[in-house]
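Colleague: Curious how this folds, go ahead:
(one chain, ligands or ions: 1)
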Amino acid sequence: MISVISTVTLTEATISLVVEITVLVLLIVAFALKNRKKYRQHGIAMTSAIALHIITILVVMLPSFSTFFTAPGTTVPFLLDPIVIISFVHVALGLAAVVIGIRLVASWHFKTDLQTCFANKKMMKPTIILWVTAILLGIVMYVIFWASFLLSQL
Ligand code: HEM
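Modeller: Below you'll find the model as predicted:
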């Protein structure tokens, strides 16, 4: 029997979900700012999204993900469980987005000259696609992990 045991509580997972939805809103706002040619504000919104994303990864997601491997009864077939596969894809996409995002923000570091940002433009579209997909998968994971528990409390 496969069991995904997590040390993360419902409160922590819900806070993480709310933060990730905030990140999603920031990404949408940042994209709208780019469309309005407000590039500096676009960069600032993306920087805030990266900061929030890093905090959730370190505080909730890493501790939760590590329990996948340390939980008693963890076996190789466990890796074939759909929720585990979704989790791995979520982690891979989320990590890729944050690593590229840090690179984009670091190469700009709030300079008034936006030349490096324009030069990095090609990397931005794939990054936002990876990131939004990772967040949507995170929402799916929350629903799968916690929905039955919440319904049983009604
Ligand atoms: C995680 C970080 C970032 C993401 C996900 C992101 C996302 C995007 C996206 C999706 C586009 C449209 C690309 C396209 O049309 O091909 C874009 C364009 C752009 N972004 Fe970012 N961005 C990020 C960071 C930054 C930073 C730090 C700056 C610097 C201020 C910046 C400045 C720009 C500029 C100048 C454009 C080009 C606009 C144009 O030519 O129409 N971005 N960004």
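Colleague: sec struct for T11, please.
Modeller: helix (DSSP: H, G, I helix; E, B strand; the rest coil).
Colleague: May I have the predicted confidence score for it?
Modeller: T11 is assigned 86 on the pLDDT scale.
Colleague: Quick check: chain neighbours aside, which residue is closest to whichever residue of the chain sits closest to the ligand?
Modeller: In the chain, the residue that lies nearest the ligand is G43 (2.6 Å; Cβ to the nearest ligand atom). Where you see a C-beta, it was placed from the backbone N, CA and C, and this is true even at glycine. Nearest residue to G43 in three dimensions, chain neighbours excluded: W108, at 5.5 Å (Cβ to Cβ, 6 or more residues apart in numbering).
Colleague: before we move on, back to that, burial of the residue of the chain closest to the ligand, as a residue count?
Modeller: Residues within reach of G43, counting by other Cβ atoms under 10 Å, total 21.
Colleague: dump the residue contacts of it.
Modeller: 105, 108, 110, 114, 117 (Cβ atoms under 8 Å, 6 or more residues apart in numbering).
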